[in-house]
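Structure here, sequence nowhere to be found:
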């Protein structure tokens, strides 16, 4: 199963052009959904207004070199390493889900557009990337869903309570899980099971990419911009009107003389 | 004025949910961000403001140190053990303070679960939990029943 392209076997029943049209439709839904989200919630307008206000309030001027280094730092630390998370378990779960989903998504697009035919042999690494990616997304996602969600960990609500905030993670998990089950059922020759899970897989995929205005799917586009803005604000000395960092922790902080109350 | 959350800065980590003594900081079911669900029950203890690792929670200061029209922001730096305060008054003046996060060494306060479980007989005792050792005295004066009866009504 690890080295078998599930879309090549599917292309025997469904024409590859149909599969490709479906993937293209999903990409179009992501673009349209994100643009609608930007206009409807006004977050781009808020972002640029904040940016403009910050420029006048800053106490330090930041040059082009500094901006370039902040962009690089933001890309490496905040985006590639999910550095903004303060909870290490949540950070690991996010990294697993993020990289897993990216691997799985890229492998899907390549396999559907270039290798969706039994006549075109798929390189062995692509189905492996697809399977490992989907597994990573499942591990990170289920770990988050069952154990890390604050509603469960701190508020003690049921692990199975579903609210609108769960739309993205649940549709992503349904997508990755049913994709794996469908691929296995197809590989093992369980026709009926494969068809049932193909139906659920397509439904979950459509919900995942079509529900952007209601889910937090688009956070992958907004969050990097917000992280960069935070770094720029910190560098210009006006980070949300916060006080400057304590410069004498030896006097005021942890290293100061121990109090003697009694 | 009670606390409020800047949704764009909050990452939904739940530190404020854990620390709020009134249990009014909760996670929003639409955006998975923290919010103050019962603002009129907030006693402005600043626990969530100081606990927030993203500096995403704000609150109007107490009237005794920051009168109307001001803004107060708090920066907690756990690695330095400091809490910095910046108060901006409506006439433009600005005051900055730095204070320690706590006055006892880290890890020196025992969790309730580290203490011995109280016995049923303790209900008959006038002393509260961990008294008298927590008060650093050997014994506390005890009010005798006979003296209670003598007291003027």
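Thanks, I have the structure now. Remember, it's a predicted structure, so these values are computed and weren't measured experimentally. Numbering: from 1, shown residues only, chains lettered A, B, ... in the order given.

Now for residue 147, how many residues are close by?
Just so you know, I chose chain A. 13 (other C-beta atoms under 10 Å in any protein chain shown). From N, CA and C alone the C-beta is placed, and that goes for glycine too.

could you do chain B instead?
Using other C-beta under 10 Å as the criterion, residue B:147 is surrounded by 9 other residues.

Just the pLDDT at it, thanks.
Predicted confidence (pLDDT) for residue B:147: 71.

what about residue A:132, helix or strand, and which?
Per DSSP states H and E, residue A:132 falls inside helix A:125-143.

Buried residues, that helix. List them.
A:126-143 (16 or more other C-beta atoms under 10 Å in any protein chain shown).

tell me which parts of the stretch 101-250 of chain A are close to chain B?
A:149-151, A:153-155, A:163-165, A:216, A:226, A:230, A:239-246, A:248-249 (C-beta under 8 Å from any C-beta of the partner chain).

Excluding chain neighbours, what is closest to residue A:43?
Spatially, and ignoring its direct neighbours in sequence, residue A:43 is nearest to residue A:222 (6.2 Å; C-beta to C-beta, 6 or more residues apart in numbering or on different chains).

contacts for the helix or strand encompassing the one you found?
Residue A:222 belongs to helix A:219-236 when elements are defined using DSSP H and E. By C-beta atoms under 8 Å, 6 or more residues apart in numbering or on different chains, the surrounding residues in contact with helix A:219-236 are A:34, A:43, A:47, A:50-51, A:54-55, A:57-62, A:66-67, A:70-71, A:73-75, A:78-79, A:84, A:98, A:239-240, B:8-9.

What are the boundaries of the strands in chain B?
Taking DSSP state E to define them, one finds strands in chain B at B:4-5, B:25-27, B:34-36, B:57-58, B:71-77, B:82-88, B:94-100.

Relative to the fifth one, what are the paired strands and their orientations?
Just to be clear, that refers to strand B:71-77. Here strand B:71-77 is paired, per DSSP bridges, with strand B:82-88 (antiparallel).

what about residue B:71, how many neighbours?
15.

need the contact list for it.
A:241, B:87-88.

What's the ChimeraX line that selects buried ones from the residues you listed?
A single ChimeraX command selects the buried members of these (16+ other C-beta under 10 Å):
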select /B:87,88
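
Just name the closest of the contacts of residue B:71 to residue B:133, please.
residue B:87 (39.6 Å; C-beta to C-beta).

Specify the beta-bridge partners of the closest one.
Beta-bridge partners, per DSSP bridges, of residue B:87: residue B:72, residue B:95.

Helices of chain A, start to end?
A:6-13, A:16-41, A:43-57, A:64-73, A:88-114, A:125-143, A:150-153, A:167-188, A:191-210, A:219-236, A:249-252 (DSSP state H).

To residue B:56, which of the ones you listed lies closest?
When the helices of chain A are ranked by proximity to residue B:56 (C-beta to C-beta), helix A:219-236 comes first, at 10.8 Å.

Now do the closest one against helix A:16-41, angle only.
Per axes from the mean of the first three to the mean of the last three C-alpha atoms, to 10 degrees, the angle that helix A:219-236 makes with helix A:16-41 is 40 degrees.
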